[in-house]
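Provide a 3D model corresponding to the input given below.
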Amino acid sequence: MAELRRWAFAAFHTALLVALGVWAIHLGGAVGDLLRGLDTAVGLGIYGLLWGIGWSVTGRALAAAPPASARMRSLVAHGALYGAVTAVAFLLALVLVGGPLLVLRQGLSASALLLVASTGAAAATVVGALIGALFGTVDGLLARTGAALARPTAADEPGN
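Residues are numbered from 1 along each chain as shown. This next block holds a predicted model:
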């Protein structure tokens, strides 16, 4: 059951982040430009990277603060911590994979890439912590609702 919960929360987090990201880009009017420059393999690779990092970190977060039983304060705190870890890991993975391509093909200097990575890591820490705290809260509410709905009632007991 724990592994199913891990998969479900990781998939939920990743899908929601991607959907909200595309929606935000759409509101800015740049979704057409973004999608023209993005092929299926790159899109799936980025989604898979985010999902893989999310799956790994979600397992640690669920072990540290089980959403059905931990106090809400603990869920928010662990959500913030692991949200920050997810965001920074995702950014650094993108920089490590895409950075050399930008340096070699686009002429970006290595020092500019390092500046973007360090500034981005600071921003990713804050944004990831905020999103993680929100996810910790939502995960706790969803897990507790599921546990309450799955609780046997008097009508479910034998002899009734």
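
contacts and neighbour counts: CA atoms only from here.
Will do.

does residue 52 lie in a helix or a strand, and which?
Per DSSP states H and E: residue 52 is located in helix 40-64.

chain center to that helix, what's the gap?
7 Å (C-alpha atoms, centre = their mean, to the nearest Å).

give me the low-pLDDT residue ranges for the chain?
1, 154-160 (pLDDT under 70).

what ranges does it have for its helices?
Assigned helices in the chain, in chain order: 2-27, 31-36, 40-64, 72-105, 110-150 (criterion: DSSP state H).

out of those helices, which one sits most buried?
Highest mean neighbour count among the helices of the chain (mean count of other C-alpha atoms under 10 Å): helix 72-105, with a mean of 19.

packing partners for it?
Helix 72-105 is packed against helix 40-64, helix 110-150, with contacts defined by 3 or more C-alpha pairs under 8 Å, 6 or more residues apart in numbering; DSSP states H and E.

can I get these in JSON lines with distance to residue 27?
Shown next, in JSON lines, are those (distance: least, C-alpha to C-alpha, whole Å):
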{"stretch": "helix 40-64", "distance to residue 27": "20"}
{"stretch": "helix 110-150", "distance to residue 27": "19"}
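
from residue 18, how far off is the nearest residue to residue 90 once chain neighbours are set aside?
Spatial nearest neighbour of residue 90, excluding adjacent residues (C-alpha to C-alpha, 6 or more residues apart in numbering): residue 50 at 6.3 Å. Distance, residue 50 to residue 18, by C-alpha to C-alpha, to the nearest Å: 9 Å.

residue 33 now?
For residue 33, the distance to residue 18 - C-alpha to C-alpha - is 17 Å.

rewinding a little: and residue 72, which of the helices and strands packed on helix 72-105 is closest to it?
Closest approach to residue 72 among these (C-alpha to C-alpha): helix 110-150, 6.8 Å.

how far does the closest one sit from the chain's center?
Computed by C-alpha atoms, centre = their mean, the chain-centroid distance of helix 110-150 equals 6 Å.

tell me who's in contact with the nearest residue to residue 54 once chain neighbours are set aside.
Spatial nearest neighbour of residue 54, excluding adjacent residues (C-alpha to C-alpha, 6+ apart): residue 10 at 5.5 Å. Neighbouring residues of residue 10 by C-alpha atoms under 8 Å, 6 or more residues apart in numbering: 51, 54-55, 58.

angles on the backbone of residue 37, please.
The phi and psi values for residue 37, taken as degrees, to the nearest 10, are phi -90, psi 0.
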